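Asks: predicted model, plus sequence, below.
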Amino acid sequence: MPPPQGPLPSPRQLAWHEREFYAFVHFGPNTFTGEEWGRGDEDPAVFNPGALDCRQWVQAFRSAGMTGVVLTAKHHDGFCNWPSRHSRHTVAHTAWRGGRGDVVRELADACREAGLALGVYLSPWDRNHPDYGRNDAAYNDFFARQLEELLRGYGPLFEVWWDGANGDRGDPAKFQEYDWNRFIGLVRQHQPEAVIFSDTGPDIRWIGNESGVAGATCWATMHSRRMDPGSGDPTPAQLNAGEEGGDAWLPGEVDVSIRPGWFWRAPEDARVKSVPELVKIYEESVGRGCSLILNVPPDARGLIHETDVQRLAGLGTVLRATYGPGTNLAAGRPARASSAWGGDPAFGAGAVTDGDPRSSWAAADGQTAAWIEIDLEPGTVFDRVVLAEPIALGQRVRRFTVEARDNGQWSAIASGTTIGRKRIVVLDTVITADALRVSVLDARATPLLSELGLHRLAAR
């Protein structure tokens, strides 16, 4: 077997990579006040979603092909979507469900019933708590207690989400020294399978923008840095592209909202992203080796708005018809390659079309350039090429080209840089071909590919 190259993903990171696409849910007092960042002085009574139905949320997410959901258990305003014992700024101090409601519990139950994974966002910035920015130790104790409530009280979590928000913009003196090592330790203790997100990790990184676009070159590796989310190091450009040769496996998560804002606002009901926009986001996030977390905020009723529901269903229809089972036009087709590792058939060219992600083509030892060809049914028509590296052995490819043959004539149709877990090459035009060749022009070690797929974008 070819030896691994560079830093490798942990088991929890590998499991996270497989999720690919999941929901983000921003929900709280801002849903009712129209604010994007609440100040923490809201009357909890403003929160009263009379028709809240987390099962409706989950069904909408499933229709899009999502595999999980991350809920803002607490945003910057400090309002808790669960009845925290350590705050009075919570659902327990509202009229909703007679003060006995728990959004986190209802969502956890709905996810479990539907087979979706649950994650939580717990803002480190709390504009409601009196110790924030004034007594670092006391506030960190409070934050740790709330974190433990979530980690211990709602079953398995697949992700814990932190941003680097720190301090009140109206009062720069309010700067909190977060005890990140302590907080990470609590997650590892109580939810060892959960990945931790922030711009600096430690498990997955921000992609550097909120537009839904990963870098055309996107490495899953970064150089190790101090755990200090929001510090500005690494820069957005570094986060977007990753860092070749980094000593840590720190893949990107692409966060974007289906609406202009993160929380629901009635005026934005007519500004929900279209299905073509959402497909493009998917192909420029999941299709560049990252995972996509798409924010879909419930409205003041506590429901996903009808327009959002329709867009999610439309997105799911296109993704299934384009990339779902039975859509790969190269599946099972004959393949050949410039070489194979040790001449072993187990690492031969057929591994990229056998439909088994556990098998891989590997070029001969010591080579950093190689090619693989697929014979197609004459007249095969496609406009998407899907490539994948077996990332359990690291990320290798620096540069590749794609060529197609029609009537004996080879033509260059695409080129790219990194591949990683999945690369969706969106072609400029629809191609008709009877063979395809992918040439790895440069790699950090022996090139490996676990998938080579051809697809046609479904009608929208």
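Replies: That came in fine, so what should we check first? If you're wondering where the values come from, they're calculated on a predicted model, not measured in any experiment. Numbers count the residues shown, from 1 in each chain.

Asks: and the pLDDT at Val46?
Replies: pLDDT, Val46: 96.

Asks: nearest residue to it other than its sequence neighbours?
Replies: Phe32 (4.7 Å; CB to CB, 6 or more residues apart in numbering). Where C-beta positions appear, they are placed from N, C-alpha and C, glycine not excepted.

Asks: and that neighbour, which of the three is it?
Replies: helix (DSSP: H, G, I helix; E, B strand; the rest coil).

Asks: for the chain, which spans come out with low pLDDT?
Replies: 168-173, 460 (pLDDT under 70).

Asks: how about 90 then?
Replies: Along the chain, the parts satisfying pLDDT under 90 run over 1, 134, 163-175, 199, 224-233, 343-346, 459-460.

Asks: what does the domain assignment say about it?
Replies: Partitioning the chain according to automatic domain parsing yields domains covering residues 11-323, 335-455.

Asks: give me the element Ala15 is part of.
Replies: Assessed by DSSP states H and E, Ala15 sits inside helix 11-19.

Asks: next, the buried residues of that helix.
Replies: For helix 11-19, the neighbour count (16 or more other CB atoms under 10 Å) marks 12-13, 16-17, 19 as buried.

Asks: ranges for the helices of the protein?
Replies: For the chain, applying DSSP state H gives helices covering 11-19, 30-33, 54-63, 103-114, 136-153, 180-190, 236-241, 275-283, 306-323.

Asks: nearest to Trp249, of the ones you listed?
Replies: Among these, helix 11-19 comes nearest to Trp249, with 6.2 Å by CB to CB.

Asks: next one: the closest one to chain centre, how far?
Replies: Its chain's C-alpha centre and that of helix 11-19 lie 11 Å apart, by CA atoms, centre = their mean, to the nearest Å.

Asks: just stretch 180-191 next, same as before
Replies: Offset of stretch 180-191 from its chain centre (CA atoms, centre = their mean): 21 Å.

Asks: and if you look at stretch 378-390?
Replies: The chain centroid and the centroid of stretch 378-390 are separated by 23 Å under CA atoms, centre = their mean.

Asks: contacts only, for the closest residue in space to Gly78 that isn't next to it in sequence.
Replies: The shortest distance from Gly78 to any non-neighbouring residue, by CB to CB, 6+ apart, is to Asn128 (3.0 Å). Applying CB atoms under 8 Å, 6 or more residues apart in numbering to Asn128 gives the contacts 40-41, 77-79, 87, 89.

Asks: of these, closest to Val402?
Replies: The closest of the contacts of Asn128 to Val402 turns out to be Asp77 (CB to CB; 48.8 Å).

Asks: re the thing from before, how close does the residue nearest to Val46 sit to Gly6?
Replies: Plainly put, Phe32 is 48 Å away from Gly6 if you go by CB to CB, to the nearest Å.

Asks: residues contacting Glu106?
Replies: Going by CB under 8 Å, 6+ apart, Glu106 touches 52, 54.

Asks: hmm, back to that, now for the contacts of Asn128, which pair is the farthest apart?
Replies: Asp41 and Ser87 (13.8 Å).

Asks: so between those two, which is more surrounded?
Replies: Ser87 (21 against 10; other CB atoms under 10 Å).

Asks: looks like the more buried one contacts His129 (just checking).
Replies: Yes: Ser87 lies in contact with His129 (CB atoms under 8 Å); the separation is 7.3 Å.
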